[in-house]
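Colleague: 3D model of this:
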Amino acid sequence: MAKKIIFAGRHDFCESVKPILEKEGCKVCVVNCAREFMAMLKSEKYDLALIDFFMPEMSGRELMEKVKKAKINEPKFIFMNVAHFGAKGIEELRRLGISAYINDINNENLIKSLNEII
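Modeller: As a prediction, this is how the structure comes out:
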């Protein structure tokens with residue numbers, strides 16, 4: 001699964017998931033603020049963007065609104081921690097441009113889900 005991934009979210013959450021992805025051969029860049037995330041998306045090419053719904057300064061949904069407004073269509077955007085969303089919430093995220101979402105985040109499920117998405 002050697003991919004270049006940008007991961008936006010809470011520091012502790014990102015740092016706990018990063019080694020799992022690196023073990024699978026991914027190059028992972030972690031950012032904890034929306035401004036940095038947007039700047040990096042505009043300056044570098046990534047295969048995937050993982051977005052923690054519970055970001056420090058704004059929600060992942062608000063971040064995706066900024067991405068859509070900036071007309072950034074790549075990479076594939078994957079939302080994490082959306083178990084509390086209903087069908088309407090998931091549909092809203094899809095409208096904003098997410099490719100997929102992952103609810104159950106454990107080592108095995110995360111890798112399996114990402115392999116299916118890629």
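Colleague: show me which helix runs longest in this structure.
Modeller: helix 11-23 (DSSP state H).
Colleague: so what does that helix touch, helix or strand wise?
Modeller: Packed against helix 11-23 by the contact rule (3 or more C-beta pairs under 8 Å, 6 or more residues apart in numbering; DSSP states H and E) you find strand 4-8, strand 27-31, strand 48-52, helix 107-117. (Each C-beta comes from the backbone N, C-alpha and C, glycine too.)
Colleague: for G89, which of these is the nearest?
Modeller: Among these, the nearest to G89 by C-beta to C-beta is strand 48-52 (14.2 Å).
Colleague: could you check the angle strand 27-31 makes with the closest one?
Modeller: If you take axes from the mean of the first three to the mean of the last three C-alpha atoms, to 10 degrees, strand 48-52 sits at 40 degrees to strand 27-31.
Colleague: just checking, what packs against strand 48-52?
Modeller: Of the remaining helices and strands, those touching strand 48-52 by 3+ C-beta pairs under 8 Å, 6+ apart are strand 4-8, helix 11-23, helix 60-69, strand 76-80.
Colleague: buried residues, that strand. List them.
Modeller: Buried residues in strand 48-52, counted by 16 or more other C-beta atoms under 10 Å: 48-52.
Colleague: any low-confidence regions in this structure?
Modeller: 1-2, 82-84, 104-105 (pLDDT under 70).
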